[in-house]
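S.K.: could you look at this predicted model? Sequence included:
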Amino acid sequence: MDKNILRRLQWLLINADIRKRLRQLPISRRIAFFIIFLLCLVYILMSCLSFSSKHSSTDGCLREKLDPWRKAEENSHVSTSNSDIFFIGNGYIGMGNDEQIRIRPISARIISLPTDLYPLISILFKGSASKTTGRIIDYREGMLHDLLCFSEDNTCFCVERKVYAHRTRPNLFVQSIVASNPSGVPLRLNLSMKGFQKWERIQRNGNEQLYKRMMDVDGTKLVIVAICTNLGESISVASSREESLQFICAFHYETLTSNTDSADGLKTIENALSKKLSDALGKKSSELDDEHSFAWHELNKVAFGLAVSFAPDALNPSLINATHHALLSHSRAPVLEVASTDEERKEVRNFLQKQELCYSGHSTLLIPSRLWKKSTSVEECTETVNIWMHTLEKRGCFSLLRAGAVGISQAFSLSLIAARFGHEHFEINIDPADIHRDITVDNLSFLDHTNISIHFHLDDEYRPYVLVSSSTKVYACSAACLDPPLAIGKIAVKLPIKITRPLTSILYIAEKEEQLEQLKGTIHIAEVMNAPAQEQDIIALHRHGHRLGGLPTIFWILLFGLVIAFHLFLVKLLYSEWKKGDSVPYNYYLRQRYIRTH
């Protein structure tokens, strides 16, 4: 107990001596010591934060792999969020976040029937203590890219798994694995697959495996047959090399009949499916990928664009493109499929010509709406697609839906701007009050070999206007067509947006000038005027996320200048105090004596 008291007294004396010595220092040096202490404290805190947020080497590898996708993600063409719900399909087969193959029941229009087949290949490297994964959903090419980065002896290596349901060969589900090894030692990656649950496996000779399953769907018997290439147990990657692996499954399903239930019927299906798989394996992996990518580029020719909004709960391009991709993934594209006959393609083209009255209704850009639900499961995603299909069908787009994915892409874009095909003309009925940001639609199919592009913008006074261009010569006029029709060509032409009482369409386009002149006589209105300017606070809300608007550039320049001036003044003050500091130690007790009043 006595020792503790002595230690405490000793500590108090030391503290008192330190405080006494600090008081004896000149004030300028005390300030300097305080600033040095503050800087050291800030440095220590920043070091701690940097250490706590330090990424592993696999995180760095993954970021490097994701960097080439950043620009596309900014344009909402891809998603790199692991939490986003995805669905990749071709209208015949598909797969969502649950990694289960789904098919479309015979009487349904969407891919909704789960099959208990999980075809994704799992990749495991036992020597790695750390693993980082990333996911890219490419809306432009209908592909899923999974990235897995491992670390071994401070060396990082990554494996990319590319997955898609082939667009032009709808029976095929394709996986490609590419593994790179930058290290100086060979690597061995173990492969596995959750596989065919509740399926009957039939052994085959060669490099293929046959599976079969019977399902009861609403009282109807369904037979599903799948043939897959063999999957090895592992893949070896030599030092400083890159290895690739392709795994393909071919599917066929149909209603069970006495023929398909027989051995001969099953053999016929098996042989036809094996032929399709052999044709695919006869092509290079890159050729198979290019076929698929080209078809998706054709589907995405009709392109919709919307400026990003920072307003709370606003509809943005990311959700629009994800919804568009899901719609196309649930739809066949007979005009693009390899096995389609000339008659089938001709029938599809005939449906594409029957666009009259599509789309009849208000713009689907309005939110909140069941059309723009951010899905949290594959079931919710398919339900949203089903709502879209019914909406487009009931709003006059029945023929375009029968044309498959090509027609659905056109109908989807028409609905967004409330555009409709009438007799010998095309009109847009979007409410000018809803044009708060830039809206663009490119390559809308208007006539044979004629595509039109329509861009809505706001001028400096926030008044909306429209730019129209066409691949061939057409004519256009604003609401009521009171002004003479303007010739439209490849160079965009600016037209004012007007509103009428009662409300009518804001833009009309026709192949011939006379058609618009005739249409003018059928539009009966009481008044026409230029569309009013949008409210500034609404524009500010979309552009900046609040109604105050963006602060002018001059404000930030002045603020930056003031901060620099303040710091220069502070440095000058400290330097002056340091130079004027007395070299004689400051005596606190003498100072108290001098200032004492007598």
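M.R.: Sure thing, it's come through. Numbers count the residues shown, from 1 in each chain.

S.K.: just give me the neighbour total for residue 430.
M.R.: By other CB atoms under 10 Å, 23 other residues sit near residue 430. For glycine as for every other residue, the C-beta is placed from the backbone atoms N, C-alpha and C.

S.K.: got it, and residue 416?
M.R.: 19.

S.K.: one more: residue 285?
M.R.: Per other CB under 10 Å, the neighbour tally for residue 285 reads 17.

S.K.: please report phi then psi for the residue nearest to it when sequence neighbours are not counted.
M.R.: Nearest in space to residue 285, with sequence neighbours left out and distances taken as CB to CB, 6 or more residues apart in numbering, is residue 246 at 5.2 Å. The phi/psi pair for residue 246 (degrees, to the nearest 10) reads phi -120, psi 130.

S.K.: domains of the chain?
M.R.: Using automatic domain parsing, the domain ranges for the chain come out as 74-284, 301-416, 425-549.

S.K.: mind putting those into a markdown table with mean pLDDT?
M.R.: What follows is those, written out as a markdown table (pLDDT from 0 to 100):
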| stretch | mean pLDDT |
| --- | --- |
| domain 74-284 | 86 |
| domain 301-416 | 93 |
| domain 425-549 | 90 |
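
S.K.: format these as JSON lines; extra columns: distance to residue 66.
M.R.: Listed next are the domains of the chain as JSON lines, based on distance: least, CB to CB, whole Å:
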{"stretch": "domain 74-284", "distance to residue 66": "6"}
{"stretch": "domain 301-416", "distance to residue 66": "16"}
{"stretch": "domain 425-549", "distance to residue 66": "26"}
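
S.K.: of all those, which one is nearest residue 567?
M.R.: Of all the domains of the chain, domain 425-549 sits nearest to residue 567, with 28.4 Å by CB to CB.

S.K.: just how off-centre is the closest one within its chain?
M.R.: Centre-to-centre, domain 425-549 and its host chain are 28 Å apart (CA atoms, centre = their mean, to the nearest Å).

S.K.: can you check stretch 285-295 too?
M.R.: 21 Å.

S.K.: which parts of it are buried?
M.R.: 285, 288, 289, 291, 292, 293, 295 (16 or more other CB atoms under 10 Å).

S.K.: touching, the first one and residue 247? I think so.
M.R.: So the one you mean is residue 285. No: applying CB atoms under 8 Å, one finds residue 285 not in contact with residue 247, separated by 10.8 Å.

S.K.: before we move on, back to that, so what's the residue nearest to residue 285 up against?
M.R.: 174, 175, 176, 177, 229, 285 (CB atoms under 8 Å, 6 or more residues apart in numbering).

S.K.: can you tell me the element residue 322 falls in?
M.R.: Element membership for residue 322, per DSSP states H and E: helix 317-329.

S.K.: contacts for that helix, please.
M.R.: Around helix 317-329, the neighbours that count as contacts under CB under 8 Å, 6+ apart are 75-77, 79, 84, 86-91, 94, 111, 137, 139, 142, 165, 296, 299, 304-306, 308, 371-372, 374, 381, 384-385, 388-389, 405, 408-409, 412, 416.

S.K.: burial of residue 160, as a residue count?
M.R.: For residue 160, the neighbour count with other CB under 10 Å is 18.

S.K.: got a list of what it touches?
M.R.: 65, 145, 146, 147, 148, 177, 178, 179.

S.K.: at 6 Å what do you get?
M.R.: Neighbour list for residue 160: 147, 178 [criterion: CB atoms under 6 Å, 6 or more residues apart in numbering].

S.K.: that's a helix at it, yeah?
M.R.: No: counting by DSSP: H, G, I helix; E, B strand; the rest coil, residue 160 is located in no helix; its state is strand.
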